[in-house]
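Chemist: need a structure here:
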Amino acid sequence: QVQLVESGGGLVQAGGSLRLSCAGSGRAFSTYAMGWFRQAPGKEREFVVSISWSAATYYADSVKGRFTVSRDSAKNTVYLQMNSLKPEDTAVYYCAATYGRTWPMTPDYWGQGTQVTVSS
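Modeler: Sure thing, here's the model as predicted:
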């Protein structure tokens, strides 16, 4: 069993930055592929980024060049640095983990989500 706890969401103006964290617990956490998904009001949950145990990364086209994912296996934590934020980035952001492929990612575990709101 893996438990994921996100933090770092909030309200920011367009063009600003936020850093999300996802702290994980459970057996062999460092061997999981990790990812971030987001869900805006009235829309389906969508893939944002994923990172393998060896730090290979995959990004959605909408965030390439603006978002950066990283992981610290010693701390069982994954980070999402979000720069140049846009109002369309407003969503609940979910951390996810999987035993399976990093891309395309089908999560086995989800965090509870953290709200990110970008004002124009």
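
Chemist: so what's Gly35 closest to, chain neighbours aside?
Modeler: Ranked by CB to CB, 6 or more residues apart in numbering and with sequence neighbours excluded, the top spatial neighbour of Gly35 is Ser50, at 3.6 Å. Any C-beta I mention is one placed from the backbone N, CA and C, and that applies to glycine too.

Chemist: Now that neighbour: phi and psi?
Modeler: Dihedral pair for Ser50: phi -140, psi 160, per degrees, to the nearest 10.

Chemist: for it, what are its contacts?
Modeler: Applying CB atoms under 8 Å, 6 or more residues apart in numbering to Ser50 gives the contacts 33-36, 57-58, 69, 102-103, 105.

Chemist: Now do the same contact list for Gln13.
Modeler: So Gln13 contacts 118-119 (CB under 8 Å, 6+ apart).

Chemist: roughly how far apart are it and Thr90?
Modeler: Distance of Gln13 to Thr90, computed by CB to CB, to the nearest Å: 12 Å.

Chemist: now do Val118
Modeler: From Val118 to Thr90 the distance is 5 Å (CB to CB).

Chemist: Equivalent analysis for Leu80, please.
Modeler: Counting by CB to CB - Leu80 and Thr90 are separated by 15 Å.

Chemist: hmm, back to that, just list whatever residues bridge to the residue nearest to Gly35.
Modeler: Ser50 has these beta-bridge partners by DSSP bridges: Gly35, Tyr58.
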